[in-house]
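In: Provided below for reference: sequence and predicted model.
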Amino acid sequence: MVHDPVQLEQERPDRLRVLWLSTIGFTVMFAVWLMFGVLGVPIRKEFGLTDVQLSWLSAVAILNGSLWRL
């Protein structure tokens with residue numbers, strides 16, 4: 001196990017880039033899901049969806065996003 005910061009930086013130079021991109025990605029996804037939650041009521045009214053149909057719509061979106069991350 002490497003404890004020297006200089007040696008660790010030389011071994012994994014892209015780790016900070018991955019950290020920042022992951023943080024930005026999770027922040028954007030949180031904002032998207034927050035907007036989807038706010039827009040859920042107008043979407044349900046616009047398309048005449050039941051609670052179950054709106055739940056399925058959300059579940060499919062979550063499953064799709066999860067599978068693409070694999």
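Out: That came in fine, so what should we check first? Residues are numbered from 1 along each chain as shown.
In: list the buried ones in stretch 42-62?
Out: Residues Leu57 are the ones in stretch 42-62 that count as buried (16 or more other CB atoms under 10 Å). Yep, even glycine has a C-beta here, placed from its N, CA and C like the rest.
In: got the end-to-end distance for it?
Out: Using CA to CA, to the nearest Å, the end-to-end distance of stretch 42-62 comes to 20 Å.
In: tell me the helices in the chain, going along the chain?
Out: Using DSSP state H, the helices of the chain run over residues 5-11, 15-47, 51-69.
In: for these, give me a markdown table that also has mean pLDDT.
Out: Listed next are the helices of the chain as a markdown table, based on pLDDT from 0 to 100:
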| stretch | mean pLDDT |
| --- | --- |
| helix 5-11 | 66 |
| helix 15-47 | 88 |
| helix 51-69 | 85 |
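In: tell me who's in contact with the residue most central in space within the chain.
Out: Centroid check for the chain by CA atoms, centre = their mean gives Met29 as the closest residue, at 3.8 Å. Met29 sits next to Gly65 when contact means CB atoms under 8 Å, 6 or more residues apart in numbering.
In: what's around Lys14, how many residues?
Out: No Lys there; residue 14 is Asp. 8 (other CB atoms under 10 Å).
In: local confidence estimate at it?
Out: pLDDT recorded at Asp14 is 83.
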